[in-house]
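Student: Please find the sequence and the predicted model below.
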Amino acid sequence: MRGLIQRVTRASVTVDGETVGAIGPGLCVLVGVTHDDDKGRADRLADKIWNLRVFDDDEGVMNRSAADVGGEVLVVSQFTLYGDARKGRRPSYVEAARPEVAEPLIERVCDQLRAAGATVATGRFRADMEVEIINDGPITIAIEL
């Protein structure tokens, strides 16, 4: 699994003019799934998202996690994280898992985050989503499990 984690002041997902998911301060996470991903990786990604120390403490040092600060989490499925543009000019997506494999694993990430205490919003799987992200500083972390 790949995750692109961004610390945000707010983020939202709109589908056909309707806001389907929105958060205030917290993390926006774009999640991609590949063929050999499983529930264990989904669980580890959820734990990493919730406990990654990317929020400032009282001294301005990134020493707090979303769990520590009560940050919300917006999870957006993003098969293009597995786009391979090393050859030619058109990315290949053969490393991205099929939707019927990816969707339950992304749902598992969301369920694990909720079980840990997170307020979770999501995009809509297989939809043409418009994602608005207002970064809180230049905090973007790429994770691969």
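Tutor: Ah, there it is. Because the structure is a prediction, the values reported are computed rather than measured.

Student: From here on, just use CA atoms for contacts and neighbour counts.
Tutor: Will do.

Student: is it true that Arg41 touches Arg2?
Tutor: No. Contact criterion Cα atoms under 8 Å: Arg41 and Arg2 do not qualify, at 9.8 Å.

Student: which residues sit in contact with the residue nearest to Gly123 when sequence neighbours are not counted?
Tutor: Leaving aside its sequence neighbours, Gly123 sits nearest to Val76 (Cα to Cα, 6 or more residues apart in numbering; 5.0 Å). Taking Cα atoms under 8 Å, 6 or more residues apart in numbering as the criterion, Val76 is in contact with Cys28, Val29, Leu30, Val31, Thr122, Gly123, Arg124.

Student: what does Gly24 give?
Tutor: Neighbour list for Gly24: Val8, Thr9, Arg10, Ala11, Gly71, Glu72 [criterion: Cα under 8 Å, 6+ apart].

Student: And it, what's its pLDDT?
Tutor: The model reports Gly24 with a pLDDT of 97.

Student: picking up where we left off before, tabulate the contacts of Val76 (CSV), appending secondary structure, neighbour count and distance to Ala46.
Tutor: CSV is the format used below for these (DSSP: H, G, I helix; E, B strand; the rest coil; neighbours: other Cα atoms under 10 Å; distance: Cα to Cα, whole Å):
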residue, secondary structure, neighbour count, distance to Ala46
Cys28, strand, 34, 13
Val29, strand, 24, 10
Leu30, strand, 20, 12
Val31, strand, 26, 10
Thr122, strand, 21, 14
Gly123, coil, 24, 16
Arg124, coil, 16, 18
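
Student: what comes into contact with the longest helix that the chain contains?
Tutor: Criterion DSSP state H: the longest helix present in the chain is helix 99-116. With Cα under 8 Å, 6+ apart as the test, helix 99-116 has contacts from 31-35, 38-39, 42-43, 45-47, 50, 75, 77, 119-120, 125-126.

Student: Let's see that with 7 Å instead.
Tutor: Val33, Asp38, Lys39, Ala42, Asp43, Leu45, Ala46, Trp50, Ser77, Val120 (Cα atoms under 7 Å, 6 or more residues apart in numbering).

Student: Quick one: buried ones out of these?
Tutor: Buried by 16 or more other Cα atoms under 10 Å: Val33, Asp38, Ala42, Asp43, Leu45, Ala46, Trp50, Ser77, Val120, out of those.
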